[in-house]
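*Asks:* Give me a model of this one.
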Amino acid sequence: MKKLSYTKEISASPEHVHDVMLGLSDKHTYEQWTAPFNPTSTWEGGWNKGDKILFVGISEDGTKGGMIARIVENDPGKYVSIEHYGMLENGVEITEGEKVDSWKGAHENYRFEATANGTLVTVEVNTVDEYASHFDETWPQALDVLKKICEQ
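*Replies:* Numbering: from 1, shown residues only. As a prediction, this is how the structure comes out:
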């Protein structure tokens, strides 16, 4: 697995960026910044340590699918760690087998560092080689949208 990292300076407090990024006060903010990954992206579940969370959307064929994860850590305004352990496909949770074995246990971590101008957001993701170029294209777009929302 590869570890990829993306950063974005945002002129807003770490607490505000954390809230907007996770969609805690308004889930729509999460849905906006994750739209570059899938225009119907949303989450179901909770953001507290130990919570199960689904990152889902509607595919081109009209079925609901996405990733199954657990929140490893959530320190508001500082750090969020997500561990992916399965996928949702046509309403079925898949947590074992060839579809998930190559990336099961991958982490997605968000760091929020206070700066003189606001917050430096760092996203670190583990991925298999086949998704690296997609993430290299999409994460910067998503972080640009997050910046715009946070600075409004």
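
*Asks:* nearest spatial neighbour of residue 36, skipping sequence neighbours?
*Replies:* Of all residues not flanking residue 36 in the chain, residue 141 sits nearest, at 4.1 Å (Cβ to Cβ, 6 or more residues apart in numbering). From N, CA and C alone the C-beta is placed, and that goes for glycine too.

*Asks:* Tell me which residue lies nearest the centroid of this structure.
*Replies:* Closest to where the C-alpha atoms of the chain average out (Cα atoms, centre = their mean) is residue 108, at 6.7 Å.

*Asks:* pretty sure residue 51 is touching residue 43, no?
*Replies:* No - checked against Cβ atoms under 8 Å, the pair residue 51 and residue 43 is beyond contact range at 10.4 Å.

*Asks:* Looking at the two, which has the bigger crowd around it?
*Replies:* residue 43 (20 against 12; other Cβ atoms under 10 Å).

*Asks:* what helix or strand is that one on?
*Replies:* Here residue 43 is covered by strand 42-45, with elements defined by DSSP states H and E.

*Asks:* strands paired with that strand, and their directions?
*Replies:* Sheet pairing of strand 42-45 (DSSP bridges) gives strand 52-58 (antiparallel).

*Asks:* which outside residues touch the following helix or strand past the strand it pairs with?
*Replies:* Downstream of strand 52-58, the first helix or strand assigned by DSSP H and E is strand 64-75. Residues from elsewhere that reach strand 64-75 (Cβ atoms under 8 Å, 6 or more residues apart in numbering): 46-59, 79-91, 93, 95, 107-108.

*Asks:* Which strands or helices does the helix or strand of the chain with the lowest mean pLDDT pack on?
*Replies:* Each helix and strand of the chain was given a mean pLDDT (mean pLDDT, DSSP states H and E); the minimum falls on helix 98-101 at a mean of 92. For helix 98-101, the elements it packs on are strand 79-89, judged by 3 or more Cβ pairs under 8 Å, 6 or more residues apart in numbering; DSSP states H and E.

*Asks:* So what's the gap between the strand it packs on and the chain middle?
*Replies:* Relative to the chain's own centre, strand 79-89 is displaced by 9 Å; criterion: Cα atoms, centre = their mean, to the nearest Å.

*Asks:* okay, the angle between it and strand 52-58?
*Replies:* Relative orientation of strand 79-89 with respect to strand 52-58: 60 degrees, computed using axes from the mean of the first three to the mean of the last three Cα atoms, to 10 degrees.
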